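> quick one: sequence plus predicted model below, questions after.
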Amino acid sequence: MTDPDTPLPGVPGPSGPLTRDRLYHLLATGHIALPALVQALVVAEQLNFHRAAEILGISQSMISSRLMVLEEALGVTLFERRRFQSLRLTLHGRAFLDLIAPALLQIGRALGTTDLGRDDRREVLCIGLQSPIVTGALADLLRTFHTSFPEIAFRPQETSPQDVLGDLRARRVDVLFAPDFLFTEAPLHDFLETCPLWTEEMVIALPLDDPLATQNRVGWADLTGRKFLTRTDGISTGLMELADRYLRDVDVPHAIETLRVGRDTLMVLVSLGLGVALTTQSAQGLALEGLVYRPIGEEPVILPFYAAWSRHNVTPPLTALLRLARQMAPQAD
């Protein structure tokens, strides 16, 4: 009897695309084994054989042998081998593991239907936020994700724009949903993967008794002499920097006050008449007495929103969320 931890010799070489029948044959004969798929995912996450071996509690040589068997069976190279045990996912590897990760997650869900070996600990997905989740596309995504994968606990958290790259690089945040202006300096983001998902329009929050509240749309020239309230966290300062370009174009004098407060407090200050604030249309679900929202600009200011994550992060919960996000994203005409 063959030792299950010994790589299988004589893997049949690829002959054209990996058809369903050939896939079934490779799975049935053990040439593609579940341990190899799990090991491939862990290696893809760590991009280092030594760390993957420590996590899995097996030898580096076993992992390396299994991956070579898997690659030969698939007929593609999943990893580029580099010096000092460093690895890089190939395009084929990333595409293959993006498909495999949700499948393994589903196996885990199926095993969870029995009390045998049940683990009460839940997988946790840390989600970075830069905008409200009261209404809109992000709120819909998180609601659908929770319904589809109730065993995965997601932990939303707001971070300042200055911290988001460090949080993604250090994996304190698994994925960030934010406007595109946070990802403009490409050389700083060589470790990032990004995906466009939806758009939102910029709006301005006003006191209900403000004369501009009677208008259907607020023009940039209407804001002469106004004080804009911003906050240190979230996208408030980024929106203000974007608005500054329009305000300068029409030579509108204005003041900016940056506060260390939460979004709710900022909007309360606006409702009290202490200033105006820029936000996105998803914030309009936050209803406060004495507060109104109006579109800003003679032409709509459209903000493309992206998902961003470390390309070294291929955990099944993240892969499942990204797959759902792509499915729910509006399709371009």
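Here it is on my side, so go on. Residues are numbered from 1 along each chain as shown.
> so who does the residue most central in space within the chain touch?
For the chain, the residue nearest the mean C-alpha position is residue 175 (3.2 Å; C-alpha atoms, centre = their mean). Neighbouring residues of residue 175 by C-beta atoms under 8 Å, 6 or more residues apart in numbering: 125-128, 307-309, 318, 321-322. All C-beta spots, glycine's among them, are computed from the backbone N, C-alpha and C.
> which ones among these map onto strands?
Among the contacts of residue 175, the ones falling in strands (DSSP state E) are 125-128, 307-309.
> which among those gets closest to residue 68?
residue 309 (28.0 Å; C-beta to C-beta).
> report the distance from the helix or strand hosting residue 202 to the chain centre.
Residue 202 belongs to strand 192-207 when assigned by DSSP states H and E. Remark: strand 192-207 is offset 14 Å from the chain centroid, using C-alpha atoms, centre = their mean, to the nearest Å.
> and that strand, what does it pack against?
helix 137-148, helix 236-249, helix 263-271, strand 277-280, strand 291-295, strand 302-310, helix 316-328 (3 or more C-beta pairs under 8 Å, 6 or more residues apart in numbering; DSSP states H and E).
> who are the packing partners of the fifth one?
Packed against strand 291-295, as judged by 3+ C-beta pairs under 8 Å, 6+ apart, are the following elements: strand 192-207, helix 263-271.
> turn these into CSV, including mean neighbour count and mean pLDDT.
Converted to CSV, these look like this (neighbours: other C-beta atoms under 10 Å; pLDDT from 0 to 100):
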stretch, mean neighbour count, mean pLDDT
strand 192-207, 19, 92
helix 263-271, 18, 91
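> low-confidence stretches in this structure?
Along the chain, segments meeting pLDDT under 70 span 1-23, 83-86, 102, 105-106, 108-122, 184-190, 331-333.
> the domain parsing of it - what is it?
What automatic domain parsing lists as the domains of the chain is 20-111, 123-199+304-328, 202-301.
> measure the last one end to end?
For domain 202-301, the first-to-last residue distance is 6 Å (C-alpha to C-alpha, to the nearest Å).
> could you do stretch 143-163 as well?
26 Å.
> going forward can the numbers begin at 402, since that is how I track them
Fine by me, first position is 402 from now on; the one you just mentioned is stretch 544-564.
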